[in-house]
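Visitor: model this:
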Amino acid sequence: MKILLTGHLGLGNRGCEALLRSTVMMLRGRWPGCRVLVPSVHPAADGAQWPQARDWGVEWTRAPRVDARLANWARACRLAPSLAAAPWPLPWLDDDAQQTLREADLMLSIGGDNYTLDYDLASLALFTGWAHHARRRGVPVVLWGASVGPFDAWPSVGRRMRRHLSALNGITVRETASLEVLQAQGLGLHEAGPRVQLVSDPAFTLPAEAVRLDPHWPQGAGPVLGLNLSPLAARPQPGEAPAQARRRFVQEAATFIERLLRREMVRVLLVPHVSALDARGQVAQAIAPAQDDALLLDEVMQAVGPRPPLRRLPTWNAAQLKHAIAQCDAFIGARTHSVIAALSSGVPAVALAYSLKARGIHRDLLGHEDGVLDVRDLNAERLHQAWQALCDRAAAERRHLHRRRPEWQARALAGLDTVEAGLGRPASIPCREQAA
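Guide: Next up, the predicted model:
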């Protein structure tokens, strides 16, 4: 059996890597002989970052890209939102893409938040369009470990997504909030539609990969705070230019770190989770500088100045970064999967949330949103307050995470039941949602 994974473009985003690795391992655990077709913008770089991939049955294929038609259409929809109610354009398939679909026995749409409005409409059309192409060729499609919606800000998109989701062979979602979005659209409430299942994020099952930490670990005594900062958290305030917002964010982060180092004897480990750089610091992936965590963290280090209790990790792979995060006493992260790496390792964490997914995961796992800090108007004082609150609940939270970890790993694995059901279950609605 060959399983095509879409929604993935490359391993520059270590969160995408965590999803990919854990999903492949889960699939091979259920179907040991399966081959996994994985789209990639840079197959050589991805293969170097995950050298054991072929041992796990991975075959790299050419990644689908947003072509000019999709990009132009998305721009037109922003100017005239009513266009989104008309038929959506389909992504163009070259010979390689068509061959990949001919080989596939099943398609899993992964990527976490591709079925939301967190990105532009062209991205949503790309991944739903690939699902449409697959189903038109008789390939079952399952949405895997995803966040879905909300689509309230764009009702015509919400209506189209309901038709699209109703036509899938199975849906697994990683937060109760996404399940509620589906149920509000009438999905998962009866037998007529696709099977809908609440799971946990697949990355909760990702095993850590041991790597030597000593040369990169903060020196001195005191607890170690792992800190991931993302350019996505450096949001401009009204009337503020992006470059100015970034400088302000860097200075606020530096002020927070300096307070930890000088007044509280806390060591700080900076953790990049999205970067174009490989472990040697060489550019290997298609990540724009404006989206690169490592470059932002280097600016923060420069603003603080050289201090032995402050270090930045190399741009290791996702499993190696998880090993380092697991050794921290606490963690604050902007990238969702950096926080998942902490929580799944039993490390108390704060999520710097720029979307609903961080809130949903915290609420489901911990029963509250105390560990969620909105990135809007983020400053040194709010970061410090979040750190102090995290210290107050850290011991109880660590016990809670260790107690629930087996349950959440089992919840992730349970999604394979929906995949298996989807292999033999026809879609409830004919394959026409893209053009309808």
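
Visitor: what number of residues lie near residue 260?
Guide: 21 (other C-beta atoms under 10 Å). The C-beta positions use only the backbone N, C-alpha and C, and glycine is treated the same way.

Visitor: ok, it touching residue 225?
Guide: Yes: look at residue 260 against residue 225 with C-beta atoms under 8 Å: they come within range, at 6.6 Å.

Visitor: Quick check: neighbours shared by those two?
Guide: Overlap of the contact sets of residue 260 and residue 225 (by C-beta atoms under 8 Å, 6 or more residues apart in numbering) consists of 266, 268, 387.

Visitor: Could you look up the SS state of the second one?
Guide: Taken by DSSP: H, G, I helix; E, B strand; the rest coil, the conformation at residue 268 corresponds to strand.

Visitor: Check it and give its pLDDT.
Guide: pLDDT, residue 268: 98.

Visitor: OK, contacts around it?
Guide: With C-beta under 8 Å, 6+ apart, residue 268 has these contacts: 218, 224, 225, 227, 257, 260, 261, 309, 310, 311.

Visitor: Could you double-check that the last one lies in contact with residue 217?
Guide: So the one you mean is residue 311. Yes: counting by C-beta under 8 Å, residue 311 does reach residue 217; the two are 6.4 Å apart.

Visitor: Show me the common contact partners of these two, please.
Guide: residue 269.

Visitor: related to what we said a few turns ago, highest neighbour count among the contacts of residue 268?
Guide: That'd be residue 227 among these, by other C-beta under 10 Å, with 28 neighbours.

Visitor: Let me know the pLDDT of the residue nearest to residue 108 when sequence neighbours are not counted.
Guide: In space, and not counting its chain neighbours, residue 108 is closest to residue 144: 4.3 Å by C-beta to C-beta, 6 or more residues apart in numbering. On pLDDT, residue 144 comes in at 96.

Visitor: can you tell me which residues contact residue 144?
Guide: Residue 144 touches 23, 108, 109, 110, 172, 202, 415, 419, counting by C-beta under 8 Å, 6+ apart.

Visitor: Out of the shared contacts of residue 260 and residue 225, the closest to residue 47 would be?
Guide: residue 268 (33.0 Å; C-beta to C-beta).

Visitor: what bridges to that closest one?
Guide: residue 225, residue 310 (DSSP bridges).

Visitor: Against residue 405, how distant is it?
Guide: 26 Å (C-beta to C-beta, to the nearest Å).

Visitor: likewise residue 51?
Guide: From residue 51 over to residue 405 (counting by C-beta to C-beta), the distance is 27 Å.

Visitor: Name the residue in these two with the higher neighbour count.
Guide: residue 405 (17 against 9).

Visitor: quick one: average pLDDT of the strand or helix carrying the more buried one?
Guide: Take DSSP states H and E as the rule and residue 405 turns out to sit in helix 380-423. Averaged over helix 380-423, pLDDT sits at 94.

Visitor: Residue 97 should be in a strand, yeah?
Guide: No: with three-state DSSP as the criterion, residue 97 is helix rather than part of a strand.

Visitor: wait, it sits on residue 64?
Guide: Yes: assessed by C-beta under 8 Å, residue 97 is found in contact with residue 64 at 6.3 Å.

Visitor: Quick check on these two: which one has the bigger neighbour count.
Guide: Neighbour count, other C-beta under 10 Å: between residue 97 and residue 64, residue 64 has more, with 23 against 18.

Visitor: On the three-state scheme, the more buried one is what?
Guide: coil.

Visitor: how far away is it from residue 164?
Guide: According to C-beta to C-beta, residue 64 and residue 164 sit 17 Å apart.

Visitor: now swap in residue 58 and tell me
Guide: 27 Å.

Visitor: ranges for the strands of the stretch 1-150 of the chain?
Guide: 2-6, 35-40, 58-62, 106-109, 141-146 (DSSP state E, counting those that start in this stretch).

Visitor: Could you save these as TSV and add columns showing distance to residue 245?
Guide: Below are the strands of the stretch 1-150 of the chain laid out as TSV (distance: least, C-beta to C-beta, whole Å):
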stretch	distance to residue 245
strand 2-6	33
strand 35-40	32
strand 58-62	36
strand 106-109	33
strand 141-146	30
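
Visitor: Among those, show me which one is buried the most.
Guide: strand 141-146 (a mean of 29; mean count of other C-beta atoms under 10 Å).

Visitor: Tell me which helix or strand comes right after it.
Guide: Past strand 141-146, further along toward the C-terminus, the next helix or strand under DSSP H and E is helix 155-166.

Visitor: Quick check: buried residues in that following helix?
Guide: For helix 155-166, the neighbour count (16 or more other C-beta atoms under 10 Å) marks 157, 158, 160, 161, 162, 164, 165, 166 as buried.
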